[in-house]
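K.L.:
Take this sequence and fold it.
(2 chains)
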Amino acid sequence: MSASELVRVEGVSKRFTKSLDLAAKIANRFGAKNREVTVHAVDQVDLSISDGEVVALVGESGCGKSTLGRVVAGIHDASAGKVFWKGEDVSTHSDAARKDFVLGAQMIFQDPMSSLNPRIRAGEIVGEAARVHGMTDKAGQRDYVSSLFKRVGLDPDYVRRYPHQFSGGQRARIGIARALAVNPKLLICDESVAALDVSIQAQVLNLFMDLREDLGLAYLFISHDLGVVRHISDRILIMYLGRVIESGPTRAIFEDPIHPYTKALLDNVPKLEAKKRSFATIKGEIPSPINPPPGCHFHPRCPVAGPRCSREKPKETIVAGGRMAACHLLDGGVV
Amino acid sequence: MTQPVLEVENLATHFFTRDGVVKAVDGVSFKVGAGEVLGIVGESGSGKSVTGFSIMGLIDPPGRVVSGSIRLAGEEIVARDDEAMRKVRGKHLAMIFQDPMMTLNPVLRIDTQMIEAVLAHDKVSEQAARERCIEALSMVGIPSPAERLVAYPHQFSGGMRQRVAIATALLHRPKLIIADEPTTALDVTIQSQILAEVQKLCAETGTAMVWITHDLSVVAGLADRIAVMYAGRIVEEGNVSQVLDVPRHPYTRGLIGSVPSANPLGARLKQIPGSTPSLGRLPKGCSFEPRCASASEACRAAKPDATDYPDGSRVACFNPYSLARAS
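P.N.:
Here you go, the predicted structure:
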């Protein structure tokens, strides 16, 4: 463990189980075979984020990236595995350490309209948590909120407005100001720029980069947009159906992807420079996480899959340059 | 020159609300030829979707097409009444929407919905209609189409639902398909599959396509021509390579500069200051003037008209970038 490590998760899994309702239980008494449905949203994932580092989680819908983000933020408890905050296991935290974790890891959500209470004024949305946690008091709240508004590029005169009186980009800034109000060390951004227009997205991304420089913040940046991720992250984890299938420094992954899924993903990204091109396609659809394929989850869609891929879960293999990929090709071949 | 499939001239669609007139589309002109893909790009509120709905004749009160002309294969369709428009819609003109879960009826099987669409315009037997549906489904790459035809929409994934919507649009071999953000809700690998299918179909059937999107990179690979909209007007239109490589309008330049991949890694993105104006309170001059770096006195006085360039592009700007200035 390095000295500057902020958060680390080890072998974390998160399962959601839909328990049987009354009718199903009664039916079972009469011999029906209703079973509980379990979704393995996150399956034994390791991840660590150092001070001031930007780590990106990339994947398609249903890959578990949001769930993992929520585990790191302390919103979900992990079903298995351990979460460490500043080197300390969060399940053994004292009250003070717990508070440091909960305030230190702040989440910024995708849709600012549904994550801001429409009936509370912007100034109170931003200032409430800071007042409750003693960063400021009732008398000082006004100035405290004003400085936060300036920090994120909002006019401090707007503190008495309601969320609906702001534009989409401004609402995103309110969400950021609210997270910053409790002096976090880590921001977890779950598709935070996905709903914004391109020109507004650029403004918010610039704000994220400024905050990182000024406050030394670390980010866990969850996104499906590889262009955005490539631009702002230091390190990338690529997820597929609950598992991390490749990770490493951003530049290395974009220049030389190892895992067939990463290669496919990069080939499929629409690019500005490509004119009237034929689109590379990868066959098939993302399988349901309720019933993932056995062995390597990607094998039904993989162009280089062999018999071993449907039998055996690939080991996470360490590659030079701080990289990891989980593919049988690195570990004795697919046969 | 062959006749274009679609000619839109000076189209204006306004919404008459209690707070005043919202000029969602205000003087838009473009043409689409057979087999051609026109990408209409713009941010939210730029009027790109309303343009699509206006062509389909789907503008509901308080909105109204107030002026302009829309000609489909030379025939004017703006002034047509509902009954006449229904004969065109679905037959010669089809639309694909963003969310296929909203456009497919969840309580009817796919075959019910698709056969109804066939029978609405053609007097054929149900068996013949069913066969046409199966053929359409296999054209868009749905495996075992005969079995999938009798499924309900919820039994399809998002990408498959969008394929069903595209197959339905193709049933009558329309002259023109309008696609409004059809891949925005899809994952990257699925989006790529759909784009590949669409590209193939347009080339094979000669169907013209208007592809409405906010994502420049999608149309970069798909479209032949691009029209960039801002605040209800087309600010720049031209071939894909002209618009993307040597943009002349400051807004187009700003939009391209905002895309992360157009910037050096890790550097601050070139951003456009401010935000899109409210369509109800547009400035008297150029709508982009308040955010524009090269605005001059002329921009504040009047709205610029589109200027034609020898390379076939049209730009509505008083101070366009020239090649010399760009380099």
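K.L.:
which residue ranges form the helices in chain A?
P.N.:
A:22-29, A:65-72, A:95-104, A:122-132, A:141-151, A:168-180, A:198-215, A:226-232, A:250-255, A:260-268 (DSSP state H).
K.L.:
The fifth one packs against which elements?
P.N.:
In this structure, helix A:141-151 packs against helix A:122-132, helix A:168-180, with contacts taken as 3 or more C-beta pairs under 8 Å, 6 or more residues apart in numbering or on different chains; DSSP states H and E. Where C-beta positions appear, they are placed from N, C-alpha and C, glycine not excepted.
K.L.:
Turn these into a markdown table, including mean neighbour count.
P.N.:
Formatted as a markdown table, those follow (neighbours: other C-beta atoms under 10 Å in any protein chain shown):
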| stretch | mean neighbour count |
| --- | --- |
| helix A:122-132 | 20 |
| helix A:168-180 | 24 |
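K.L.:
could I get the helices of chain A as a markdown table with mean pLDDT?
P.N.:
Shown next, in a markdown table, are the helices of chain A (pLDDT from 0 to 100):
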| stretch | mean pLDDT |
| --- | --- |
| helix A:22-29 | 88 |
| helix A:65-72 | 92 |
| helix A:95-104 | 91 |
| helix A:122-132 | 92 |
| helix A:141-151 | 92 |
| helix A:168-180 | 90 |
| helix A:198-215 | 90 |
| helix A:226-232 | 90 |
| helix A:250-255 | 93 |
| helix A:260-268 | 89 |
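K.L.:
Of all those helices, which one comes closest to residue B:276?
P.N.:
helix A:198-215 (8.0 Å; C-beta to C-beta).
K.L.:
coming back round to it: now the helices of chain A as a markdown table including distance to residue A:280?
P.N.:
Listed next are those as a markdown table, based on distance: least, C-beta to C-beta, whole Å:
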| stretch | distance to residue A:280 |
| --- | --- |
| helix A:22-29 | 44 |
| helix A:65-72 | 23 |
| helix A:95-104 | 42 |
| helix A:122-132 | 44 |
| helix A:141-151 | 42 |
| helix A:168-180 | 32 |
| helix A:198-215 | 24 |
| helix A:226-232 | 14 |
| helix A:250-255 | 16 |
| helix A:260-268 | 4 |
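K.L.:
And the ones you listed: which comes nearest residue B:292?
P.N.:
helix A:198-215 (12.3 Å).
K.L.:
what sits against residue B:239?
P.N.:
Residue B:239 sits next to B:224-226, B:311-313 when contact means C-beta atoms under 8 Å, 6 or more residues apart in numbering or on different chains.
K.L.:
And what about the most centrally placed residue in chain B, helix, strand or coil?
P.N.:
Central residue of chain B (C-alpha atoms, centre = their mean): residue B:212, 2.7 Å from the mean position. Three-state assignment for residue B:212 (DSSP: H, G, I helix; E, B strand; the rest coil): strand.
K.L.:
Which members of the contacts of residue B:239 occur in strands, if any?
P.N.:
Of the contacts of residue B:239, the ones assigned to strands by DSSP state E are B:225-226.
K.L.:
tell me the pLDDT at the residue in the stretch 1-150 of chain A that chain B sits nearest to?
P.N.:
Across the stretch 1-150 of chain A, the shortest distance to chain B (C-beta to the nearest C-beta) belongs to residue A:60, at 3.9 Å. Per-residue pLDDT puts residue A:60 at 85.
K.L.:
which of the contacts of residue B:239 come close to chain A?
P.N.:
residue B:224 (C-beta under 8 Å from any C-beta of the partner chain).
K.L.:
Which one of the contacts of residue B:239 is nearest to residue A:212?
P.N.:
The closest of the contacts of residue B:239, once distances to residue A:212 are taken by C-beta to C-beta, is residue B:226, at 34.1 Å.
K.L.:
For the stretch 201-327 of chain B, what lies in contact range of chain A?
P.N.:
So the stretch 201-327 of chain B meets chain A at B:214-218, B:220-224, B:240-241, B:244, B:254-263, B:265-266, B:268-272, B:275-276 (C-beta under 8 Å from any C-beta).
K.L.:
how does it look with 6 Å?
P.N.:
B:217-218, B:220-221, B:240-241, B:255, B:258-261, B:268-269, B:271-272, B:275 (C-beta under 6 Å from any C-beta of the partner chain).
K.L.:
Return the subset of those residues lying in helices.
P.N.:
Those of those lying in helices (DSSP H): B:217-218, B:220-221, B:240-241, B:255, B:258.
K.L.:
Restricted to buried residues, select those in ChimeraX.
P.N.:
Those of these that count as buried under 16 or more other C-beta atoms under 10 Å in any protein chain shown are selected in ChimeraX with:
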select /B:217,218,220,221,240,255,258
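K.L.:
which residues does residue B:67 bridge with?
P.N.:
residue B:12 (DSSP bridges).
K.L.:
you'd agree it is up against residue B:11?
P.N.:
No. Contact criterion C-beta atoms under 6 Å: residue B:67 and residue B:11 do not qualify, at 7.7 Å.
K.L.:
Comparing those two, which shows the higher neighbour count?
P.N.:
residue B:11 (23 against 14; other C-beta atoms under 10 Å in any protein chain shown).
K.L.:
How about that one: what's its closest non-neighbour residue?
P.N.:
Take residue B:11 and drop its neighbours on the chain: the residue closest to it by C-beta to C-beta, 6 or more residues apart in numbering or on different chains is residue B:68, 3.7 Å away.
K.L.:
before we move on, the earlier item: how many residues are close by the spatially closest residue to the residue of the stretch 1-150 of chain A closest to chain B that is not a sequence neighbour?
P.N.:
In space, and not counting its chain neighbours, residue A:60 is closest to residue B:187: 3.9 Å by C-beta to C-beta, 6+ apart. Using other C-beta under 10 Å, residue B:187 has 22 other residues around it.
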